[in-house]
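J.: mind folding the following:
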Amino acid sequence: MLKRFSISLEEDLLEDFDAFIRQKRYENRSEAIRDLIRSSFIRDEWQTDKDVMGVITLVYDHHQPKLQKKVTELQHDYHQQIVSTTHVHMDHDNCLEVIIVRGQAGVVKELTDSLKSLRGVRDAKLAMSSTGKHLH
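T.: As a prediction, the model looks like this:
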């Protein structure tokens, strides 16, 4: 069930918000506000070490000695947090690894940091999301 409420904003803030809505292609203010609220709840799940989901993306040099072995060993060390992986050969030198993870936020961040710190990893990002348990 939807509930209606009103809010008051300074004119400049409302103009900035409306520009944000147009830029992100929201249909209306309500959709944008719902997304902002959900995003805040997801950040809270990560900050309070709840059970979360995320995607780790790695770009690395596959010519780096023993790097592939280290990446695989880390994934085995965190096998309970890894849902799925995909490996893509980007070009002759670079690989992209996409790792879907689920678990306590702190453990997922620990895995990400461990992968990011390996010599030969050129880029590593963690896209944080929610299990959806607390989002309605």
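J.: all strands for the chain, in order.
T.: Listed in chain order, the strands found in the chain under DSSP state E are 51-61, 82-89, 94-104, 121-130.
J.: and those as CSV, adding distance to residue 41?
T.: To be clear about C-beta, it is placed using only N, CA and C from the backbone, and glycine gets the same treatment. Listed next are those as CSV, based on distance: least, C-beta to C-beta, whole Å:
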stretch, distance to residue 41
strand 51-61, 11
strand 82-89, 21
strand 94-104, 17
strand 121-130, 7
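J.: as TSV, those with distance to residue 24, mean pLDDT and mean neighbour count would be great.
T.: Formatted as TSV, those follow (distance: least, C-beta to C-beta, whole Å; pLDDT from 0 to 100; neighbours: other C-beta atoms under 10 Å):
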stretch	distance to residue 24	mean pLDDT	mean neighbour count
strand 51-61	20	95	19
strand 82-89	28	96	12
strand 94-104	24	96	18
strand 121-130	17	93	16
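J.: so which of these is nearest residue 6?
T.: Between residue 6 and these, the shortest separation by C-beta to C-beta is 27.6 Å, and it involves strand 121-130.
J.: which helices and strands sit right next to the closest one?
T.: helix 29-47, strand 51-61, helix 105-116 (3 or more C-beta pairs under 8 Å, 6 or more residues apart in numbering; DSSP states H and E).
J.: any idea which of those is most buried?
T.: The highest mean neighbour count among the helices and strands packed on strand 121-130, using mean count of other C-beta atoms under 10 Å, belongs to strand 51-61: a mean of 19.
J.: got the angle between that one and helix 105-116?
T.: 0 degrees (axes from the mean of the first three to the mean of the last three C-alpha atoms, to 10 degrees).
J.: what angle do strand 51-61 and strand 121-130 make?
T.: Using the same axes, to 10 degrees, strand 51-61 lies at 160 degrees relative to strand 121-130.
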